[in-house]
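Q: Need a 3D model of the sequence below.
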Amino acid sequence: MRCGFVIGNLENYYHFHHSRTIRRSTVNSRGRHNFLRMDPKVKWLQQQEVKRRVKRHVRGDPPLIHFNDPMWSKMWYMHCGDKNNHCRSEMNIPAAWQRGYTGKNVVVTILDDGIETSHPDLVQNYDPQASYDVNDNDCDPSPRYDASNENKHGTRCAGQVAAKANNSNCIVGIAYNARIGGVRMLDGDVTDVVEAKSLGIRPDYIDIYSASWGPDDDGKTVDGPGELAKQAFEYGIKKGRKGLGSIFVWASGNGGREGDYCSCDGYTNSIYTISISSSTDSGLKPWYLEECASTLATTYSSGAFYEQKIVTTDLRHGCTEGHTGTSVSAPIVTGIIALALEANHLYGYGLVNAEAIVMEAKKWKKAPTQHVCIGSSDRIPRDIQADQTVRTTTVTNACANYYDQRVVYLEHVIARVSIEHPRRGDLQINLTSPSGTESQLLARRVFDISNEGFKNWEFMTVHCWGEKAEGEWTLKIHDTPSHMRNPERRGKLKEWSLILYGTAEHPYDTTSSHHSQSRMLEISMPKMEPSKAAVFQSQMEVVEEEDEYTGPCHPECGNKGCDGPNADQCLNCIHYSLGSVKTGSSLGAGCLPECQPGMYFSKETRKCERCHTSCQTCVGPGKEACIQCAKDFHLHEWRCVPACSQGFYPEAVPGLPYKVCTRCDDNCSACEGSRDNCVKCKEGFNLHISSCITNVTCMDGYKIPVIENLGATLDQFDAIDFSDNEIRKLDGFPLLKRLKTLLMNNNRICRIGEGLEQALPNLQEIILTNNSIVELGELDPLATIKSLTYLSFNPGAGLPTDKKKAGPSTGDVEAIKNAIANATTLAEVERLKGLLQSGQIPGRERKTEPDVVVRRQEALAAARFRMQEELNEQAEKYKEKQRQLEEEKRRQKIAIWESMQEGKSYKGNLKLNQQEIESTASASSTVPKPKPNKKPLRGGSKYENWVSVSYGK
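A: Numbers count the residues shown, from 1 in each chain. Down below sits the predicted model:
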């Protein structure tokens, strides 16, 4: 055990690695394991097989409740009562919150591919004691990161359950005060041991295990938990949660499009799990839904691509609006069960109702002991003919002769079936109870072509819950042969049996009230003076002489009855009371359904206590327990405070009598009115027109005529200053996602290019003051920038008339022209170009420092553009002259060769040595055309002297 060979909490089971077995093999290592089986100390042995497990995501607000989490308004399934949402009915989660249930002291763990423990919406509720990494055998369940974010599933599910509320981040978890952990077990080989270890992580500490995965939902797989995982389930149910039983919530599956049926999934088909299905916002069955009789309840989830999806936390501290599938539903129910456990740790058909669950949990009594009745097997073989239905019945007394096995009232019902069949997917199976309830255990699965049939497979139904178990049960099997199958090949029902789970006593006591334990508030009687005591005693004697009241009691009275019809005449109360009961209005208000506004029910004192002075309504003592804030207080991360802390500002919310503290922009240390209206910046940022910016690049005063080559900035700047230049058109930007502020004042801008919203998608401010814009219509292209909030362009066309022309002086221009005219070689032309590009005037060369050269380059930019065409023209002349010389030389070579062939002497001025003469032997007698130079000179285009940067498509 010290070496870690144990498997969770399973006693006398150990996990070993055999060094001589092949890790990847299609067959088991039977020979080596037979030796182990022969050991008298070994009672059971199983070689571990890697199983395929897939995550079940789809590939492809009451008034006066407000949260400052940015995604709160997009959690449509919380706001079904709003007119803007179209979901058919409420899950009433906010109503449960209003009653004070938020999941406190409840521990939940997510069995998945890990959870991001540092996520800002999870870190406050993260519980390392409820976490483990089974894949890497350590205590850190953080997911493995990759480029595809494959391991995002667990983090998304965790956020649904327990994302922190009112922290200005992402979403609000359903049980936002619950403790959340994660077990990383899907990011590696999944074996029976891996699943058993995961299901057995700290069962005395963890209350709820949530799993949104299972076997392949491909319409042909029949698979479930192995022997060890089954024992881990059973151990958790019987001994977990300190004997109250662990709760396992499972997603029902996403194989609807493939015609899958979740009764072929041994996890959702287990009596130990709560199988949860999904509904679209319109209350319809989503395309991925699997139907089966083991599904216990439904929650909202995603539907088609055009229907609403679920928002939740995501990898890399992010949020997502694309969480989908039954993977969504299991965490929702997990969170709702956490609310119920807070209401009563002793703890439906259709859409779950969080408020109804927590209210039922408050008065819930522990169910009677569960009994298990295993019926005898019917082993009479029966042929299953094509297009025929096999009916077989069994009559059971539900173990009435055995006290510890007798089942009178049903819970789970299992039909254990063994069938041989040439194509398993052609079968349909139904089970009818003695009360006439029919459960469809299996529907046709068109992709299931297996000929393995079913071997002791357990089909489970909850449709008979609460019915009488005794009587006649009917099993019907129908065979609808597919076109690809030979109809002559028949199947056979080999045997079947019933396993009934339930209680011998009715789970609800119909002879007494559920509310036998009063929540009456005891108020101690003050000491009285003797005279007053005598008066009080005489009043009591008068009461005793009254006739006994036999009429109806007030609805808030408990099971002890009353002395009159009013709420202050109850002998005990169902819910709450102010003062002692049966005292009249002079001492108390009798029995009440709830504590009065401004008060809360204290479990410790069993009294209605007053809320903190900062609270208008609350669920407990202290300012942290406020539901609504009192006048002149602000709601700040679930506390009511007189002033928001640094980095927050009070925001008025429609419908709320108080303000909510909302976080300022990430760069602001203080703001007013809105999160973007900064008045003070964090260290490293500068305040600029109510925005905090950093990394400003300044290009002002360089007389730049056009905007280009900003791709070289690598999108590192929040602001760029182009003021005091010669820019005429606002365009030429690459994609700059980070840029928010653009200073273009004191230029000559008279045109604005189209498509700026694609290059500057997050631009918020642009200063166009003192430019050449004449008409407002010239600003129309800026309307496409949706993020633009600040624009300054006044005065337009107001440039000073004496603005100097950019570029070098007249003397500099003359020097450049003279140098070009006097150039005699191509090399000289290239040298002149290099001088011009480095910011130097020909004839005035000097060594300069790099920063001086850069500034000189900017100053001569305009001149370079104007001189470029003249320079290129001169260069082309020299190139043409060079080509003519080469052509003449080749012609003379040919002439020499022809003269030698004819025995004539060559008369010309071209002198060649013997080697050059011999090299002409391969020349054609036809004068070849000179080949054009395919490598253009630099500077062939007026932009080629600038840095070339690729901006994408």
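Q: count of residues packed around the closest residue in space to Leu768 that isn't next to it in sequence?
A: In space, and not counting its chain neighbours, Leu768 is closest to Phe793: 3.9 Å by Cβ to Cβ, 6 or more residues apart in numbering. Every residue, glycine included, has its C-beta placed from N, CA and C. Other residues within reach of Phe793, judged by other Cβ atoms under 10 Å, total 19.
Q: Asn92 too?
A: With other Cβ under 10 Å as criterion, Asn92 counts 23.
Q: With Asn486 instead?
A: Under the neighbour criterion other Cβ under 10 Å, Asn486 is assigned a count of 10.
Q: Excluding chain neighbours, what is closest to it?
A: Asn486 sits nearest to Pro422 (Cβ to Cβ, 6+ apart), 7.5 Å away.
Q: Reduced to three states, what does the one you found come out as?
A: State at Pro422, reduced to three classes by DSSP: H, G, I helix; E, B strand; the rest coil: coil.
Q: same thing with Leu885?
A: Under three-state DSSP, the three-state class of Leu885 is helix.
Q: Now do the helices in the stretch 301-450 of the chain.
A: For the stretch 301-450 of the chain, helices defined by DSSP state H, counting those that start in this stretch occupy the ranges 326-343, 354-362.
Q: Likewise for the chain?
A: 30-37, 93-98, 153-162, 192-199, 227-239, 326-343, 354-362, 530-545, 756-759, 810-822, 826-837, 850-859, 861-902, 914-919 (DSSP state H).
Q: looking at those, which one has the lowest mean pLDDT?
A: In terms of mean pLDDT, the lowest-scoring of the helices of the chain is helix 530-545 (a mean of 41).
Q: Now stretch 225-244: buried residues?
A: For stretch 225-244, burial by neighbour count (16 or more other Cβ atoms under 10 Å) applies to 225-226, 228-233, 235-237, 240-241.
Q: I'd like to know which of those residues is nearest to Asn68.
A: Set against Asn68, the nearest of the buried residues of stretch 225-244 by Cβ to Cβ is Arg241 (34.2 Å).
Q: isn't that closest one right next to Asp204, touching?
A: Yes. Here Arg241 reaches Asp204: they are 7.1 Å apart, a contact under Cβ atoms under 8 Å.
Q: burial count for the residue nearest to Ser198 when sequence neighbours are not counted?
A: Excluding its sequence neighbours, the residue lying closest to Ser198 (Cβ to Cβ, 6+ apart) is Met185, at 4.3 Å. By other Cβ under 10 Å, 27 other residues sit near Met185.
Q: do Asp632 as well
A: Applying other Cβ under 10 Å, we find 11 residues neighbouring Asp632.
Q: List the residues that contact it.
A: By Cβ atoms under 8 Å, 6 or more residues apart in numbering, the residues touching Asp632 are Pro642.
Q: For it, grab phi and psi.
A: The phi/psi pair for Asp632 (degrees, to the nearest 10) reads phi 70, psi 10.
Q: Could I get the pLDDT score of it?
A: Reported pLDDT for Asp632: 87.
Q: hmm, which helix or strand of this protein has the shakiest average pLDDT?
A: Lowest by mean pLDDT, DSSP states H and E among the helices and strands of the chain is helix 530-545, with a mean of 41.
Q: Neighbours of the nearest residue to Glu307 once chain neighbours are set aside, how many?
A: Spatial nearest neighbour of Glu307, excluding adjacent residues (Cβ to Cβ, 6+ apart): Thr280 at 5.5 Å. Other residues near Thr280 number 20, with proximity taken as other Cβ under 10 Å.
Q: Next, give phi and psi for Thr280.
A: Phi and psi for Thr280, reported as degrees, to the nearest 10, are phi -80, psi 170.
Q: For the residue nearest to Asn105 when sequence neighbours are not counted, give its distance to Met91.
A: Closest residue in space to Asn105, ignoring its immediate chain neighbours: Glu342 at 6.7 Å, by Cβ to Cβ, 6+ apart. As defined by Cβ to Cβ, to the nearest Å, Glu342 lies at a distance of 17 Å from Met91.
Q: related to what we said a few turns ago, assess the claim that the residue nearest to Asn486 and Arg489 are in contact.
A: Yes. Counting by Cβ under 8 Å, Pro422 touches Arg489, with 4.2 Å between them.
Q: between the two, which one's more packed in?
A: Using other Cβ under 10 Å as the criterion, Pro422 and Arg489 rank with Pro422 on top: 18 against 12.
Q: for the stretch 501-650 of the chain, what spans make up the strands?
A: Using DSSP state E, counting those that start in this stretch, the strands of the stretch 501-650 of the chain run over residues 576-578, 590-592, 599-602, 607-610, 615-618, 626-629, 634-636, 639-641, 648-652.
Q: I'd like to know which of those lies nearest to Asn34.
A: strand 599-602 (65.3 Å).
Q: distance between that closest one and the chain's centre?
A: Offset of strand 599-602 from its chain centre (Cα atoms, centre = their mean, to the nearest Å): 36 Å.
Q: what separates the residue nearest to Asn771 when sequence neighbours are not counted from Glu757, distance-wise?
A: Leaving out its chain neighbours, the residue that sits closest to Asn771 by Cβ to Cβ, 6+ apart is Ile749, at 4.1 Å. Noted for Ile749: a distance of 18 Å to Glu757, by Cβ to Cβ.
Q: quick one: low-confidence parts of the stretch 51-200 of the chain?
A: 55-64, 81-89 (pLDDT under 70).
Q: Would you map the strands across it?
A: Counting by DSSP E, counting those that start in this stretch, the stretch 51-200 of the chain has strands at residues 54-55, 107-112, 132-133, 179-184.
Q: Turn those strands into TSV, including distance to Ala304 and mean neighbour count.
A: TSV is the format used below for the strands of the stretch 51-200 of the chain (distance: least, Cβ to Cβ, whole Å; neighbours: other Cβ atoms under 10 Å):
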stretch	distance to Ala304	mean neighbour count
strand 54-55	20	20
strand 107-112	26	28
strand 132-133	37	22
strand 179-184	31	28
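Q: do you know which of the ones you listed lies nearest Ser302?
A: Taking Cβ to Cβ, strand 54-55 is the member of the strands of the stretch 51-200 of the chain nearest to Ser302, at 14.5 Å.
Q: Where does the record place the domain boundaries for this structure?
A: Listed by automatic domain parsing, the domain ranges of the chain are 1-46, 54-362, 371-503, 615-663, 695-792, 810-922.
Q: Low-confidence stretches in the stretch 401-550 of the chain?
A: For the stretch 401-550 of the chain, the stretches with pLDDT under 70 are 508-548.
Q: before we move on, back to that, can you tell me which of the domains of the chain is most buried?
A: Across these, averaging neighbours per residue (mean count of other Cβ atoms under 10 Å) puts domain 54-362 on top, at a mean of 22.
Q: so the residue nearest to Leu768 touches Ser772, yeah?
A: No. Using Cβ under 8 Å, Phe793 makes no contact with Ser772, being 10.5 Å away.
Q: The residue nearest to Glu307 reaches Pro286, doesn't it?
A: Yes. In this structure, Thr280 is within contact of Pro286 by Cβ under 8 Å, at 5.2 Å.
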